[in-house]
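**Q** Sequence and predicted structure, then a few things I'm wondering about:
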Amino acid sequence: MAQGERLAADLGDRLAELTFVDLDTDEVTARVIDEVARWAQAQGWRVYRRAPSVVPLPPPMEQRHSVLDVACARPDGPPVVVEVDHTDRARTVQKLTAEADAGRIPIWVRWGVGRFTAPPPPVRMVTVEVTRRAGPAGRGRLHSRTSERPAPEHSAAGGTVATPALPIPLTEPRKGT
């Protein structure tokens, strides 16, 4: 497995644990970016948010550069760059491809209700599926991601659990009353 694939798989495992309820689009994007940054910091990497990209902005701002959601400097390999989007943006693929051409490992984190189209290599995609519903007036759509964990076992393995004798006193009786 190539280094980019391994890193994307590792980030995907980390993001699989991410849960939230009723966040708007900006809040979900911020939550995912925060988790990407924590993942990178846990690797011991330097993390830069809103780092300059190699791609200039379109006219009339071509003197400025686009930014990356997260860029990571690694002591043991090329930098890793991560973009987080909830829509399928051609400009993101162009930006990440340019980053790959500059020697960085590009990862695109896409979140949403599904229908994710994989980008061309070497860009790697990590998906974060959410559910959505209409929010209260003025709030727009709200997104949630909950875990599908089974309920914990409440009995001891092997069957029986000792039951205390009843009645159980709730307090010690007071002396002198």
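**A** Structure's in. What do you need? Numbers count the residues shown, from 1 in each chain.

**Q** who does the longest strand along the chain touch, helix- and strand-wise?
**A** In the chain, with assignment by DSSP state E, the single longest strand is strand 46-56. Counting contacts by 3 or more CB pairs under 8 Å, 6 or more residues apart in numbering; DSSP states H and E, strand 46-56 packs against helix 25-42, strand 65-73, helix 90-101. In this view, the C-beta of every residue, glycine as well, is placed from N, C-alpha and C.

**Q** looking at those, which is closest to residue 141?
**A** helix 25-42 (7.1 Å; CB to CB).

**Q** who's in contact with residue 84?
**A** 29, 32-33, 36, 69-70, 109, 111 (CB atoms under 8 Å, 6 or more residues apart in numbering).

**Q** Give me the nearest residue to residue 51, chain neighbours excluded.
**A** residue 71 (3.6 Å; CB to CB, 6 or more residues apart in numbering).

**Q** The one you found contacts residue 78, doesn't it?
**A** No - the criterion here is CB atoms under 8 Å, and residue 71 misses it with residue 78 at 11.3 Å.

**Q** Find residues that contact each of those two.
**A** residue 104.

**Q** who's more crowded, those two?
**A** Taking neighbours as other CB atoms under 10 Å, residue 71 and residue 78 compare with residue 71 leading, 22 against 15.

**Q** Run through the residues that contact that one.
**A** Applying CB under 8 Å, 6+ apart, the residues near residue 71 are 47-48, 51, 79-82, 104.

**Q** Equivalent analysis for residue 47, please.
**A** So residue 47 contacts 37, 40-41, 70-72 (CB under 8 Å, 6+ apart).

**Q** Of those residues, which is the most crowded?
**A** residue 72 (26 neighbours).

**Q** For that one, give its distance to residue 83.
**A** 13 Å (CB to CB, to the nearest Å).

**Q** coming back round to it: what are the bridge partners for the residue nearest to residue 51, then?
**A** residue 48, residue 81 (DSSP bridges).

**Q** Just give me the neighbour total for the residue lying closest to residue 140 once chain neighbours are set aside.
**A** Setting aside the residues directly before and after it, residue 140 is nearest to residue 24 in space (CB to CB, 6+ apart), at 5.8 Å. Using other CB under 10 Å, residue 24 is surrounded by 14 other residues.

**Q** Residue 136 is in contact with residue 24, correct?
**A** No - Residue 24 lies out of contact with residue 136 (CB under 8 Å); the separation is 10.8 Å.

**Q** where does the protein dip in pLDDT?
**A** By pLDDT under 70, the weakly predicted segments of the chain are 1, 148-177.

**Q** ok, now with 90
**A** 1, 56-65, 89, 114-115, 134-140, 146-177 (pLDDT under 90).
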